[in-house]
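Engineer: Have a look; sequence and predicted model below, questions after that.
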Amino acid sequence: MCDSGKPRSGGKERRKSLRLAVRYEYQWQGRTYSSDKWSRQRAAFSDFSKAQALADTHKLDTKAACYVNPASPSEAVLQRPTLWIGLLILLPLVFVAVGVIGMASMWTKTQSAEQGSDAVPAGKSISSRAGNRLGARAGVAFFALFFAIGTVVFYFLTLRPLLGVLAAREWTPVSCTIISSRVQSHRSDDGTTYRVDILYSYEFDGREHRSNRYHFMGGSSSGRKGKSAVVHQYPAGSRRTCFVNPHNHSEAVLERGLTRDMWFGAIPAVFMLIGVGGIIGMLRKGRTPAADVTMFQPVPIREVIGTKPTPFSSPIAFEETPGSRVLKSSSSRIVGVIAIGVFAAIWNGVIFFGFLQGSGFFLRGKADFFDLFTTLFMLPFIAVGLALIGVLIYQVLVVFNPKVEASIQPGTPRLGGPINLNWRLTGRTHVLRCLKIFLEGREEATYRRGTSTYTDRKLFLKLELASLATHAEMTSGQATITLPQDTVPSFKSDNNKIVWAIHVEGDIDRWPDLKEEFEIQVLPPLLADAA
C-alpha cells in the first residue's frame with residue numbers, strides 16, 4: 001500500500017499537454033521510499049476529463065496499491081503497463097509469417113527429389129501443381145493484414161466516434177462556462193496538424209467539473225482554418241451548452257452530432273474492402289483443382305466459335321513457312337527484371353524518402369501517437385514494397401535458369417498435319433529434376449468494363465509432347481505430334497485471339513521452376529483435307 005500525494009495540473013503546462021503530478025510514500029522490507037511516477041511512461045493527456053478522473057482516484061492522504069521493482073526498491077509506479085502494447089510487438093510476426101509461407105510455396109515441392117521420374121505424376125502439369133495451396137495461404141495472410149489494419153483504424157477513427165454520437169443522444173444538456181479557447185498545433189517532422197482545444201467548466205449534481213472535449217473525433221488533422229472557425233464560436237468567458245454523460249459526470253462534450261472530420265473514417269474502409277476481396281480471391285484460387293492434361297481433349301471448332309465448320313477457301317491470315325522456324329520466347333527474363341526493379345525502386349523510394357526518413361522512428365529513435373498512427377496506416381504500403389523486393393529477387397533467380405532453344409518443322413503447321421519439335425537446353429541443365437513440354441491452344445477475349453480493360457483466357461486444348469526425367473533426355477531431343485483437324489487455327493482481331501503455344505516447364509529443387517512459352521501460328525487445314 002502507499003500514500004498518494006495531491007495530484008496537480010499546471011495552468012501554463014496545459015497549453016502543451018495535461019500532466020498528472022503525484023507523490024506518494026510506500027514501505028518495502030521495513031524501509032520507507034517515495035516516488036512521483038504514475039507509470040513508466042510520461043503521464044500526459046490531451047483529454048482533461050481523463051486526467052481529472054485519474055486525479056480523482058488518488059486524492060490526498062488516501063490509500064492505493066503501487067508496484068515496486070524488487071531489483072531497485074526506489075522505483076515504483078501506480079499503474080503497470082498494459083499488455084495490449086505487446087500486440088505491437090507481434091505485428092511484425094505477421095510479415096514474418098507471410099514471408100515464410102511465400103518462401104515455402106516456392107521452395108517446397110510435393111514430391112522429394114529421390115523419387116526420380118515418379119516425382120511428376122503422369123498427366124500432371126508442373127505449373128498447375130507447384131505450390132498452389134501454399135501460395136494461396138501466403139495471399140490470404142497478406143490480404144488478412146490489410147483487413148486487420150483497416151479494421152483497427154476503422155474502429156478508432158470511425159466506429160468509436162459514431163458509437164459516442166449515438167450514446168450522446170441521451171446525455172444531459174448543461175450550461176457551461178468557456179475558460180479558454182484555442183487551436184492547438186502539433187508539430188512533427190511530417191508537418192503540422194491542428195485540433196480544437198476548448199476548456200470549459202460545468203456543474204452537475206452540485207459539483208464542478210471541467211472538460212476540453214469538443215466532439216467525439218479524437219486526434220489532430222491538417223487544416224487550421226476550419227478549427228479556427230470553431231474556436232471563434234466559443235470565446236473565453238461566454239456561456240454555452242455542453243452535454244454530460246449521466247453515468248460518468250466527468251465526461252462531457254460540446255458537439256454531440258456528426259462532424260466533417262468523421263468522413264476520414266472512409267479511408268480505412270478501403271483497406272477492409274481490399275482485404276476482404278483479396279482473401280475471397282485467394283481462397284477461391286486455393287480451391288481450384290490442379291489441371292490435368294487428360295481434361296483437355298480436342299474440341300470441335302463449332303464448340304469454340306459457335307458455328308458449323310466450313311472449308312477454308314479464303315486467304316490464310318498468316319504467311320506460310322514450309323521450312324523449319326526457330327522459336328522465340330514470349331517474354332524476356334532481363335526485361336522482366338528491369339521492369340520490376342524500376343517499379344520496386346520507385347515504390348520503395350517514395351515510401352522511404354517520403355515517409356520513413358522523416359518519421360520519429362528514424363530521426364529520434366522514438367515516436368509519438370501521430371507517428372504510430374501514420375506508421376499503422378503505411379504498413380500495407382510497406383508490405384507491398386517488401387513483396388516487390390521479393391518478386392525482384394525471384395526474377396533475378398529466374399535469369400540463371402537453363403535456357404531453351406527450340407524450333408519446329410514446318411514453321412507454320414496446319415490443322416490435321418504433323419508438327420516436329422526440336423529443343424536444346426543450355427546453361428545450368430544439371431539442376432533440372434524433370435521436364436515437360438506441352439502444346440496448348442487457348443482463346444483470348446479482351447473487353448472493357450467501365451474504364452478498365454480485361455482479358456479472359458480459356459484453354460480449349462492441351463496435349464503433352466514430352467515428359468522426361470533423365471538428364472540426357474532433357475538436354476536435347478525431338479517430339480512429333482499430329483494437330484487435331486476438327487479445331488480452330490490461329491486467329492487475331494481487335495478484341496479476340498486464338499493463340500497456339502508450346503510450353504516448356506522444368507522442375508528445379510529449391511529454385512524458381514523453368515517456365516518458357518513459345519507462341520506459334522497454326523494454319524487451317526488444306527481445302528482437300530477439310531473437305
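Structural biologist: That came in fine, so what should we check first? Residues are numbered from 1 along each chain as shown.

Engineer: Just the element for residue 283, please.
Structural biologist: Following DSSP states H and E, the helix or strand that holds residue 283 is helix 266-287.

Engineer: Kindly provide the whole-number mean pLDDT of that helix.
Structural biologist: For helix 266-287, the mean pLDDT works out to 75.

Engineer: In that helix, which residues are buried?
Structural biologist: Using 16 or more other CB atoms under 10 Å as the test for burial, helix 266-287 gives 268, 271, 272, 275, 278, 279, 282. Glycine gets a C-beta too; all of them are placed from N, C-alpha and C.

Engineer: what do you get for stretch 237-251?
Structural biologist: In stretch 237-251, counting by 16+ other CB under 10 Å, buried: 242, 243, 244, 245, 249, 250, 251.

Engineer: For the residues you listed, work out which two are farthest apart.
Structural biologist: Put simply, by CB to CB the two of these set farthest apart are 243 and 250, 13.2 Å from each other.

Engineer: what residues are shared contacts of the two?
Structural biologist: Listed contacts common to residue 243 and residue 250 are nil; contacts here mean CB atoms under 8 Å, 6 or more residues apart in numbering.

Engineer: Widest-spaced pair of the buried residues of helix 266-287?
Structural biologist: Greatest spatial distance in these: 268 and 282, 20.9 Å, computed using CB to CB.

Engineer: where are the low-confidence patches of the stretch 201-350 of the chain?
Structural biologist: Scanning the stretch 201-350 of the chain with the threshold set as pLDDT under 70 gives 264-266, 285-319.

Engineer: Let me see the ranges of the helices in it.
Structural biologist: 224-232, 266-287, 301-305, 333-354 (DSSP state H, counting those that start in this stretch).

Engineer: which one of those lies closest to residue 416?
Structural biologist: Nearest to residue 416, of the helices of the stretch 201-350 of the chain and by CB to CB, is helix 301-305 at 11.8 Å.

Engineer: Name the residues of the strand or helix carrying residue 407 that are buried.
Structural biologist: Element membership for residue 407 (DSSP H and E) is strand 403-409. Along strand 403-409, these residues count as buried under the neighbour rule (16+ other CB under 10 Å): 403, 404, 406, 407, 408, 409.

Engineer: can you list these in CSV and add distance to residue 55 and pLDDT?
Structural biologist: Putting those into CSV (distance: CB to CB, whole Å; pLDDT from 0 to 100) gives the following:
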residue, distance to residue 55, pLDDT
403, 75, 93
404, 76, 92
406, 81, 92
407, 86, 92
408, 86, 92
409, 91, 91
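
Engineer: Closest one of those residues to residue 210?
Structural biologist: Nearest to residue 210 among those, with distances taken as CB to CB, is residue 403, at 76.8 Å.

Engineer: Could you pull up the residues touching that closest one?
Structural biologist: Residues counted as contacts of residue 403 (CB under 8 Å, 6+ apart) are 425, 426, 427.

Engineer: just for the stretch 401-531 of the chain, where's the confidence low?
Structural biologist: Using pLDDT under 70, the stretch 401-531 of the chain drops low at 450, 527-531.

Engineer: still on that earlier bit, sheet-wise, list the partners of the strand holding residue 407 with their directions.
Structural biologist: In the sheet, strand 403-409 lines up against strand 325-326 (antiparallel), strand 418-426 (antiparallel) (DSSP bridges).

Engineer: Relative to the whole chain's centre, how far out is the shortest one?
Structural biologist: Mean-position distance between strand 325-326 and its chain equals 43 Å (CA atoms, centre = their mean, to the nearest Å).

Engineer: Touching it from outside, list them.
Structural biologist: Applying CB under 8 Å, 6+ apart, the contact partners of strand 325-326 are 405, 406, 407, 408, 409, 410, 411, 412.

Engineer: From the contact counts, what lies against the longest helix along the chain?
Structural biologist: For the chain, the helix reaching the highest residue count under DSSP state H is reported as helix 369-399. When contacts are defined as 3 or more CB pairs under 8 Å, 6 or more residues apart in numbering; DSSP states H and E, helix 369-399 packs onto helix 86-107, helix 132-154, strand 172-188, helix 333-354, helix 360-363.
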